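Trainee: Just the structure for this:
(one chain, ligands or ions: 1)
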Amino acid sequence: MLRFRSIRSRLTVTFLLAILAVMLIVGFFLDQLIENYYIKSREDNLVRSGTLAGRFVAGQLKDQVDPVRLSWLAENFGRQMNARVIFVNRKGIVIGDSVIVGGLLGQLLDRDELTAAFAGEKGISIQYSELSKQKVMQVALPVQEEEEGEPVGAVFLSASLQEIDQIIADIRGFLTLATLLAAALTGIGAVFLARRFTGPLELLTEAAGKMAEGKLEQRIPVKSEDEIGRLARQFNLMAEQLNYYTKNLRNFVANVAHELRTPLASLSLLIKSLKDYEMETEQRQEFLDDLDHEMDRLIALVRDLLELTTLEAGETRREHIALDELIRDLIKQALPRFDRQDIRLLSDLPAGEYMVAGSSLQLRQVLHNLLENALKYTSPGGWVKVTLWREEEAAGVKVEDTGCGIPEKDLPFIFERFFRVDRARSREMGGTGLGLAIVKETVEAHGGRVWVESKEGEGSAFYFTLPLLRQDVNNY
Ligand code: ADP
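Mentor: Numbering: from 1, shown residues only. As a prediction, this is how the structure comes out:
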């Protein structure tokens, strides 16, 4: 049974219908064309031969008429042109008939075609003869002694058109055969085409089904460069990305769980100790301080995670921000903390317009994270410097320090979530391992770029750029 829901059957049925329609239209017009052509050429033929016969007998119609001779002539002409030939005189009386036995010799032939012929025209008609059960063409032509002269009689020709029915029947037979052949070829072609299309689609369906079950390692062989090939290529790309993101997400969740476990375990231990043991007020205070510290770390971690999620959702507000003012403001706020640790906080902020578009809250966070890191990883006596510069279409910011620096092998991973060079040290300093990831994602969400240069033991320099607002944008 034909399943019309499959591409194969739909293709086959569509092709067959198209072929049938084309063949029907072609058949109809071919019938008409051939019939018209045949009738026209038969008519021309009869008119030409009739005129010739008329000319031949013209002299005899005027004078003494010899019906036997005229009938003999009519029979000869009739045989040549495959028609019945009748000669009539000016009164319409038959004076020669190619049908000798049972002919119309001596009878009056009263036909409309003859009326036309006597008026000097040619009279033509096509009729269905009940007698012979076929279509016949009748042609009457004037017989004139001299050109433009009065007709002295007429030639009446009657020819069967049965041949055309045979020709049309033959053509129809041929067309039917051609249709059947085309249909068979189309059927085979459609099956092959459908197999070519549906084969990869079935593979795709199967692979997509497996992916839905969580098996993300699906790949489809790309065998062509057509739409199906492109679909397969795109599917593979999607599968790869999905696999990558899923792995990333899994890693991230595992990291988050791991990061939460340590402070939660400390908190649990501290609370149990406070609950279960009698303590001096001083010792109790120490425990409470630790508890407070752990709580702060947990809060910082949750805050950073939230920050990252917001960045991932792409929720960046677009306000106009003067980057130089934002930096000045942050430096002012950070100065007391740097002073307390005996680290000098320097800046080089040349005058000029540094307008960028984005979220001032998020950009503050970027600078805050970089300054806090510089502060965390620089020893007392050192210095930290913030430099602002302007490129053609971007503003650049550098935060450099004379801190511990980053080993070269760790530099490629420094912006990854939860990456720390020294896990214990970072934790001790209250770091979450997310600060630089937030920096990178924020800067990139603002259309900028971030990078680092560092030498272990000498210091580090973190750079980022942000696209400047164009003057015309600036003015609106
Ligand atoms: P953390 O909360 O641990 O500081 P970050 O993502 O901010 O996390 O930084 C990742 C790691 O990069 C840090 O643990 C530290 O090892 C290294 N790092 C960041 N900034 C500096 C810096 N200015 N000097 C030296 N090392 C740095």
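
Trainee: what's the burial count for the closest residue in space to residue 93 that isn't next to it in sequence?
Mentor: Closest residue to residue 93 apart from its sequence neighbours, by CB to CB, 6 or more residues apart in numbering: residue 108 at 5.7 Å. Glycine gets a C-beta too; all of them are placed from N, C-alpha and C. Residue 108 has 10 neighbouring residues, counting by other CB atoms under 10 Å.

Trainee: what packs against the helix or strand hosting residue 333?
Mentor: According to DSSP states H and E, residue 333 maps onto helix 323-340. The contact analysis (3 or more CB pairs under 8 Å, 6 or more residues apart in numbering; DSSP states H and E) places helix 323-340 against strand 344-348, helix 360-376, strand 383-390, strand 394-401.

Trainee: On the secondary structure side, give me the element for residue 420.
Mentor: Counting by DSSP H and E, there is no helix or strand that carries residue 420.

Trainee: Give me the local confidence score for it.
Mentor: Listed pLDDT for residue 420 reads 90.

Trainee: need the residues of the chain near the ligand, please.
Mentor: Proximity of the chain to the ligand, by CB under 6 Å from any ligand atom, involves residues 369, 373-374, 377, 401, 403-406, 414, 419-422, 426, 431-437, 460.

Trainee: Any regions of this structure where pLDDT drops low?
Mentor: 1-4, 62-63, 315-316, 471-476 (pLDDT under 70).

Trainee: and with 50 instead?
Mentor: For the chain, applying pLDDT under 50 flags the ranges 1-2, 472-476.

Trainee: How about the residue in it that sits furthest from its center?
Mentor: Farthest-out residue of the chain from its mean C-alpha position, per CA atoms, centre = their mean: residue 64, at 88.9 Å.

Trainee: I'd like to know how far it sits from residue 353.
Mentor: For residue 64, the distance to residue 353 equals 126 Å [CB to CB, to the nearest Å].

Trainee: returning to what we had before: how would you label the residue farthest from the centre of the chain: helix, strand or coil?
Mentor: coil (DSSP: H, G, I helix; E, B strand; the rest coil).

Trainee: Tell me which helix or strand comes right after the helix or strand harbouring residue 30.
Mentor: Assignment of secondary structure by DSSP H and E places residue 30 within helix 7-62. With elements assigned by DSSP H and E, the helix or strand that comes after helix 7-62 is helix 67-81.

Trainee: After that following helix, which helix or strand is next?
Mentor: That would be, after helix 67-81 and using DSSP H and E, strand 84-89.

Trainee: Indicate the residue of the stretch 151-300 of the chain located nearest to the ligand.
Mentor: Using CB to the nearest ligand atom, the single residue of the stretch 151-300 of the chain nearest to the ligand is residue 300, 8.5 Å away.

Trainee: Which residue, other than its chain neighbours, is closest to that residue?
Mentor: Using CB to CB, 6+ apart, the nearest residue to residue 300 is residue 432, at 5.5 Å.

Trainee: wait, is the one you found part of a strand?
Mentor: No: if the criterion is three-state DSSP, then residue 432 is coil and not within a strand.

Trainee: OK, contacts around it?
Mentor: Contacts for residue 432 were tallied using CB atoms under 8 Å, 6 or more residues apart in numbering; they are 259, 297, 300-301, 304.

Trainee: Reformat these as CSV; add secondary structure.
Mentor: Output for the contacts of residue 432, formatted as CSV (three-state DSSP):
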residue, secondary structure
259, helix
297, helix
300, helix
301, helix
304, helix
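
Trainee: and of those residues, the nearest to residue 78?
Mentor: Nearest to residue 78 among the contacts of residue 432: residue 304, at 112.7 Å, using CB to CB.

Trainee: can you count the residues close to that closest one?
Mentor: By the criterion of other CB under 10 Å, residue 304 has 21 neighbours.

Trainee: Next: the one 3 residues further on.
Mentor: For residue 307, the tally of surrounding residues (other CB under 10 Å) stands at 20.

Trainee: Residue 84 against residue 71, yeah?
Mentor: No: counting by CB atoms under 8 Å, residue 84 stays clear of residue 71, with 11.5 Å between them.

Trainee: between the two, what contacts are shared?
Mentor: Counting by CB under 8 Å, 6+ apart, the shared contacts of residue 84 and residue 71 are 97-98.

Trainee: Outline the domain layout of the protein.
Mentor: Domain ranges of the chain: 7-168, 216-315, 317-474, per automatic domain parsing.

Trainee: Can you measure across the first one, start residue to end residue?
Mentor: By that I understand domain 7-168. One end of domain 7-168 to the other measures 38 Å (CA to CA, to the nearest Å).

Trainee: What of stretch 391-411?
Mentor: End-to-end span of stretch 391-411 (CA to CA): 25 Å.

Trainee: quick one: buried residues of that stretch?
Mentor: Going by neighbour count (16 or more other CB atoms under 10 Å), the buried part of stretch 391-411 is 394-406, 411.

Trainee: Name the nearest residue to residue 430, sequence neighbours excluded.
Mentor: Nearest to residue 430 is residue 297, by CB to CB, 6+ apart, at 5.8 Å.

Trainee: give me the number of residues near that neighbour?
Mentor: Number of residues near residue 297 (other CB under 10 Å) recorded here: 19.

Trainee: quick one on the thing from earlier: can you lay out the domains of the chain as JSON lines showing distance to residue 210?
Mentor: Formatted as JSON lines, the domains of the chain follow (distance: least, CB to CB, whole Å):
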{"stretch": "domain 7-168", "distance to residue 210": "22"}
{"stretch": "domain 216-315", "distance to residue 210": "5"}
{"stretch": "domain 317-474", "distance to residue 210": "30"}
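
Trainee: Name the residues that touch stretch 367-385?
Mentor: Residues outside stretch 367-385 that contact it (CB under 8 Å, 6+ apart) are 326-327, 330-331, 334, 337-338, 341-348, 386, 397-404, 429, 431, 435-436, 438-439, 459-460, 462.

Trainee: All set, thanks.
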